[in-house]
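Novice: quick one, fold the following:
(one chain, ligands or ions: 2)
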Amino acid sequence: MSTADPVSPSNSGATPLDLPSITTAPKALLHDHLDGGLRPRTVLELAGECGYDDLPETDADALAQWFRNAADSGSLERYLETFAHTVAVMQTPEGLFRVARECAEDLAADGVVYAEVRFAPEQHLERGLTLDQVVEHVLEGFRAGESAARVAGKRIRIGCLLTAMRHAARSREIAELAVRFRDRGVVGFDIAGAEAGFPPSRHLDAFEYMRAANAHFTIHAGEAFGLPSIQEAVAFCGTDRLGHGVRIVDDIAVGSDGEPTLGLLAAYVRDKRMPLELCPSSNVQTGAVDSLEKHPFDLLARLRFRVTVNTDNRLMSDTTMSREMYKLVQTFGYGWSDLERFTINAMKSAFIPFDERLELIDDVVKPGYAVLLG
Ligand SMILES: O=c1[nH]cnc2c1ncn2[C@@H]1O[C@H](CO)[C@@H](O)[C@H]1O
Ligand SMILES: [Zn+2]
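Specialist: Ligands and ions are numbered 1, 2, ... in the order given. I've put the predicted structure just below:
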């Protein structure tokens with residue numbers, strides 16, 4: 001296969017592919033951080049309510065711009081520093097509930113029909129809440145947001161992922177928390193935070209616990225650090241999906257004739273249909289890739305890796321699921337059938353039960369794209 005071939009012919013005779021029409025398309029999102037998706041105005045209002053005085057701006061537009069600029073750092077570590085401000089206003093029952101409710105509403109308004117939203121409960125204990133209480137408030141917020149969306153005529157289902165911070169030592173506890181809440185809206189577990197120096201194998205007992213409980217997890221790997229991190233996540237930890245996983249491209253050699261050769265790890269990830277939770281804008285901001293044009297998304301899509309499109313942090317990247325898709329359309333010339341495939345890839349890779357995934361694919365995703373395809 002030549003990597004110069006288009007994935008599919010561009011849109012012909014179908015609904016024009018622009019941002020408003022992409023917003024109407026049913027979309028599935030697997031990688032979105034709750035504390036990376038607050039509305040700027042909500043950050044300001046919650047800061048006022050809880051007495052947090054360290055915000056860098058006092059106006060919503062200026063604050064939005066500040067997050068965007070500060071996250072545009074070229075380094076994951078500096079990018080992550082911006083979360084101090086969002087986490088600071090998510091320490092109370094009201095703050096957690098509101099942020100989760102608005103998250104569900106915002107995703108639904110953007111045409112997302114299924115989302116897995118993650119956050120790290122251990123970062124929300126500063127004002128005396130327990131881990132269980134933190135999770136309960138967030139889940140209540142998601143349910144309220146789903147109901148509000150339904151009233152507004154939008155269908156969305158949110159699954160929650162509990163994240164452990166990889167520099168800390170609470171991963172086993174968070175894995176147990178995820179299993180404890182498995183019947184109440186938590187669908188999986190993850191580790192996040194600075195990648196270099198904190199390999200996935202540091203948290204092996206948490207992953208072994210999840211596997212023993214027949215529970216799902218993903219691992220941020222292959223974002224700020226390369227193949228060794230992915231190798232550990234896949235081969236030692238047994239991850240179900242790769243958070244980012246974008247550096248898998250380092251194991252693919254493309255010859256001067258355009259023919260790709262996959263190394264053992266890349267071949268294994270593709271053979272196993274291991275989902276890649278790719279986050280184009282975030283990857284440019286953290287320096288994981290130089291530019292959108294140089295993002296390996298298209299190479300990986302052409303090679304038929306199980307690629308999915310994700311937002312990572314809507315506030316820090318000033319983005320939405322529709323905008324991430326639109327950027328890919330503009331950069332790589334994708335058509336509706338490509339966007340449908342990426343969406344079905346995501347639904348197939350979701351952590352909810354198989355029959356529920358199938359129902360969303362058959363009853364929502366396929367009919368939605370059928371209309372757009374014309
Ligand atoms: O792209 C990312 N890579 C690694 N860690 C991240 C990324 N985005 C957010 N977080 C981290 O995950 C925590 C829980 O949501 C956030 O507080 C942030 O520190
Ligand atoms: Zn992430």
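
Novice: drop to CA atoms for contacts and neighbour counts, all remaining ones
Specialist: Noted.

Novice: and residue 51, how many residues sit next to it?
Specialist: The tally of other residues near residue 51 (other C-alpha atoms under 10 Å) stands at 11.

Novice: gap between it and ligand 1?
Specialist: 20 Å (C-alpha to the nearest ligand atom, to the nearest Å).

Novice: same thing with residue 212?
Specialist: 24 Å.

Novice: then residue 132?
Specialist: 16 Å.

Novice: tally of neighbours for that residue?
Specialist: When neighbours are counted by other C-alpha under 10 Å, residue 132 registers 14.

Novice: so it touches residue 177, yeah?
Specialist: Yes - using C-alpha atoms under 8 Å, residue 132 is in contact with residue 177, at 7.3 Å.

Novice: secondary structure class for the nearest residue to residue 120 once chain neighbours are set aside?
Specialist: Among residues not flanking residue 120 along the chain, residue 163 sits closest, at 4.5 Å (C-alpha to C-alpha, 6 or more residues apart in numbering). Under DSSP: H, G, I helix; E, B strand; the rest coil, the three-state class of residue 163 is strand.

Novice: so where do the strands sit in the stretch 201-350 of the chain?
Specialist: 218-221, 241-244, 252-254, 260-262, 276-278, 307-309 (DSSP state E, counting those that start in this stretch).

Novice: direction included, what does the last one pair against?
Specialist: For strand 307-309, sheet partners with direction are given as strand 276-278 (parallel), following DSSP bridges.

Novice: let me know the average pLDDT across the partner strand.
Specialist: The pLDDT scores in strand 276-278 average 98.

Novice: residues in contact with it?
Specialist: Strand 276-278 has contacts (C-alpha atoms under 8 Å, 6 or more residues apart in numbering) with 30-31, 241-246, 297, 305-310.

Novice: repeat the analysis, applying 10 Å as the threshold.
Specialist: Under the contact criterion C-alpha atoms under 10 Å, 6 or more residues apart in numbering, strand 276-278 has outside partners 29-32, 218-221, 223, 240-246, 248, 269-270, 295-297, 300, 305-312, 345-346, 349.

Novice: that one vs ligand 1: in contact?
Specialist: No - Strand 276-278 is not in contact with ligand 1 by C-alpha under 6 Å from any ligand atom; minimum separation 10.0 Å.

Novice: how far is that strand from where the chain is centred?
Specialist: In this view, strand 276-278 has its centroid 8 Å away from the chain centroid, taken as C-alpha atoms, centre = their mean, to the nearest Å.

Novice: what of stretch 54-67?
Specialist: Distance, centroid of stretch 54-67 to centroid of chain: 24 Å (C-alpha atoms, centre = their mean).

Novice: that stretch and ligand 1 in contact?
Specialist: No - using C-alpha under 6 Å from any ligand atom, stretch 54-67 stays clear of ligand 1, coming no nearer than 13.0 Å.

Novice: around ligand 1, which positions in the protein sit nearby?
Specialist: 33, 35, 80, 83, 118-120, 192-194.

Novice: ok and the residue in the stretch 1-150 of the chain nearest ligand 1?
Specialist: Ligand 1 sits closest to residue 119 of the stretch 1-150 of the chain, with a gap of 3.8 Å, by C-alpha to the nearest ligand atom.

Novice: got the CA coordinates for the longest helix anywhere in the chain in CSV?
Specialist: Ranked by residue count and defined by DSSP state H, the top helix of the chain is helix 131-151. Extracted C-alpha coordinates of helix 131-151, given in CSV (Å, rounded to 0.1, in the frame of the first residue of the first chain):
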residue,chain,number,x,y,z
LEU,A,131,-12.2,9.8,47.5
ASP,A,132,-15.6,8.2,47.4
GLN,A,133,-17.4,11.6,47.9
VAL,A,134,-15.4,13.2,45.1
VAL,A,135,-16.4,10.5,42.7
GLU,A,136,-20.1,10.6,43.9
HIS,A,137,-20.3,14.4,43.2
VAL,A,138,-18.8,14.1,39.8
LEU,A,139,-21.1,11.2,38.8
GLU,A,140,-24.1,13.1,40.0
GLY,A,141,-23.0,16.0,37.9
PHE,A,142,-22.7,13.8,34.8
ARG,A,143,-26.2,12.4,35.4
ALA,A,144,-27.6,15.9,35.8
GLY,A,145,-25.9,17.0,32.6
GLU,A,146,-27.2,14.0,30.7
SER,A,147,-30.7,14.8,31.8
ALA,A,148,-30.4,18.5,30.9
ALA,A,149,-29.1,17.5,27.5
ARG,A,150,-32.0,15.2,27.0
VAL,A,151,-34.4,18.0,27.8
